[in-house]
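K.L.:
Based on what follows, work out the 3D shape:
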Amino acid sequence: MSKNNDFYYRNFVESAEVSCEAANMLKDILCNFSVETLPENKVKLHEIEHKGDNKRHEMTNVLVRAFITPLEREDILKLSQLIDDVTDCIEDILIRIYINNVTSIRKDSIEFVDIVIQCCDAMKEMLEEFPHFKKSKKLNELIIEINRLEELGDDMYVECMRNLHTTSTDPFETIAWREIYEFFEKCCDTCENVADIIESIAIGNT
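P.N.:
Residues are numbered from 1 along each chain as shown. Got it, this is the predicted structure:
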């Protein structure tokens, strides 16, 4: 692989690493939740999200000047944006916790964030394998794994929502957590979107 082409694939992986970092920080915040430290933690997570934005900007700046690219420009831009969207969705979970003035964390949200972490880890591994898409068998296995995890996220969302509506007696808590769970599910959906475009690019360039 040429040095110029290596930049694109490396940037994809580095962007996914930011998503993994954000997901793991979110879990740490939820497991050690404190209303007092929430504003500070929100800033820390936003700093990670900003790293993701910078990776996307790096990609755009190189792409603008590039004469030849390893993939279609539109595909590169879309993939870069979708990976960044994963990190954005992770930050959105904490923003909703902050906006909705959540004072305690529901246990099943810890289980949900574990699924998000698995999705991000699988996405990163998939992007590490992506440069070899023309010959790789592992790439398709990772795409299937992300689809499986997204379905697991769907199931988790259903169970979380049912548990919320059968146990919560506070309407404000119910409204707040409905929205939070929706963003958990959106994280898994967005990882699947990354897998979908990888699959589409691989098919279109093989």
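
K.L.:
excluding its backbone neighbours, what's nearest Ile143?
P.N.:
In this structure, Ile143 finds its nearest non-sequential neighbour in Ala195, 4.7 Å apart by Cβ to Cβ, 6 or more residues apart in numbering. Using the backbone N, CA and C atoms, a C-beta is placed for each residue, glycine as well.

K.L.:
Now do the buried residues in the strand or helix carrying that neighbour.
P.N.:
Using DSSP states H and E, Ala195 falls within helix 171-204. For helix 171-204, a neighbour-count test (16 or more other Cβ atoms under 10 Å) marks 173, 176-178, 180-181, 183-195, 198-199, 201-202 as buried.

K.L.:
Also stretch 99-114?
P.N.:
Neighbour-count burial for stretch 99-114, counted by 16+ other Cβ under 10 Å, picks out 100, 102, 105-106, 108-109, 112-113.

K.L.:
Helix, strand or coil: sort out Glu36 for me.
P.N.:
At Glu36 the chain is in coil, as set by DSSP: H, G, I helix; E, B strand; the rest coil.

K.L.:
How much space separates it from Val102?
P.N.:
Distance of Glu36 to Val102, given as Cβ to Cβ, to the nearest Å: 13 Å.

K.L.:
tally of neighbours for Phe67?
P.N.:
Neighbour count for Phe67, taken as other Cβ atoms under 10 Å: 5.

K.L.:
Assign a three-state SS to it, would you?
P.N.:
coil.

K.L.:
Look up phi and psi at it.
P.N.:
Main-chain dihedrals, Phe67, degrees, to the nearest 10: phi -90, psi -40.

K.L.:
separation between Ile201 and Asp189?
P.N.:
19 Å.

K.L.:
Look at the spatially closest residue to Lys138 that is not a sequence neighbour and say how many residues are nearby.
P.N.:
Sequence neighbours aside, Glu129 is the residue nearest to Lys138 in space, at 5.3 Å (criterion: Cβ to Cβ, 6+ apart). When counting by other Cβ under 10 Å, one arrives at 20 neighbours for Glu129.

K.L.:
got the end-to-end distance for stretch 24-38?
P.N.:
16 Å (Cα to Cα, to the nearest Å).

K.L.:
In it, which residues are buried?
P.N.:
Neighbour count says stretch 24-38 has 24-27, 29-30, 33, 38 buried, by 16+ other Cβ under 10 Å.

K.L.:
Restricted to helices, list these.
P.N.:
Counting by DSSP state H, the part of the buried residues of stretch 24-38 found in helices is 24-27, 29-30, 38.

K.L.:
Can you lay out these as a markdown table showing distance to Lys135 and pLDDT?
P.N.:
Formatted as a markdown table, those follow (distance: Cβ to Cβ, whole Å; pLDDT from 0 to 100):
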| residue | distance to Lys135 | pLDDT |
| --- | --- | --- |
| Asn24 | 32 | 99 |
| Met25 | 35 | 99 |
| Leu26 | 36 | 99 |
| Lys27 | 35 | 98 |
| Ile29 | 41 | 98 |
| Leu30 | 40 | 98 |
| Leu38 | 47 | 98 |
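
K.L.:
Run through the chain and note the low-pLDDT ranges.
P.N.:
1-4 (pLDDT under 70).
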